[in-house]
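Colleague: below: sequence and its predicted model.
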Amino acid sequence: MNGEIANGTLDWSATVTLTEGENTILVIATDCAGLTTTAAVTVRYELIRGDLNGDNRITIADAAIALWIAATDAHNPAADVSGDDRVTSLDALMILRAAAGMIEL
């Protein structure tokens, strides 16, 4: 799947990294006789700005992660809630305010 080999007879799973927006996942199945079939599915991934731990909620934990990102000069597009293409303590503060229900991101 997408260049990764998966083994299984009936059930299998794979972890797929998605980018923001539409993603097409292509699966090619080959049986023991060498016969193949192909299926594709398109999924849309919407980045939740401010949700840095992936729990689909904005909490103070996300603000702490944003502060760590700012302090280490790392980058995470979901942490840049101010929209200035960098992660600073302002982003951490905005996420904290959103966690408290004071603003919406």
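Modeller: Structure's in. What do you need?

Colleague: secondary structure element for the residue lying farthest from the centre of the chain, which one?
Modeller: Using Cα atoms, centre = their mean, the residue of the chain lying farthest from its centre is Ala33. It sits 37.4 Å away. Here Ala33 is covered by no helix or strand, with elements defined by DSSP states H and E.

Colleague: look up how far Gly83 lies from it.
Modeller: Between Ala33 and Gly83 the computed distance is 54 Å (Cβ to Cβ, to the nearest Å). C-betas here are computed from N, CA, C, even on glycine.

Colleague: just the pLDDT at the residue farthest from the centre of the chain, thanks.
Modeller: As predicted, Ala33 sits at a pLDDT of 90.

Colleague: now Asp62
Modeller: pLDDT, Asp62: 98.

Colleague: wait, what's in contact with it?
Modeller: Each residue near Asp62 by Cβ atoms under 8 Å, 6 or more residues apart in numbering is listed here: Gly50, Asp51, Leu52, Asn53, Ile95, Ala99.

Colleague: how about the residues you listed in a markdown table, adding pLDDT and secondary structure?
Modeller: Formatted as a markdown table, the contacts of Asp62 follow (pLDDT from 0 to 100; DSSP: H, G, I helix; E, B strand; the rest coil):
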| residue | pLDDT | secondary structure |
| --- | --- | --- |
| Gly50 | 97 | coil |
| Asp51 | 96 | coil |
| Leu52 | 96 | coil |
| Asn53 | 94 | coil |
| Ile95 | 98 | helix |
| Ala99 | 97 | helix |
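
Colleague: please identify which of those residues is nearest to Ile5.
Modeller: Asn53 (30.6 Å; Cβ to Cβ).

Colleague: quick check: phi and psi on the residue nearest to that closest one when sequence neighbours are not counted?
Modeller: The shortest distance from Asn53 to any non-neighbouring residue, by Cβ to Cβ, 6 or more residues apart in numbering, is to Ala61 (5.6 Å). Main-chain torsions, Ala61, degrees, to the nearest 10: phi -60, psi -40.
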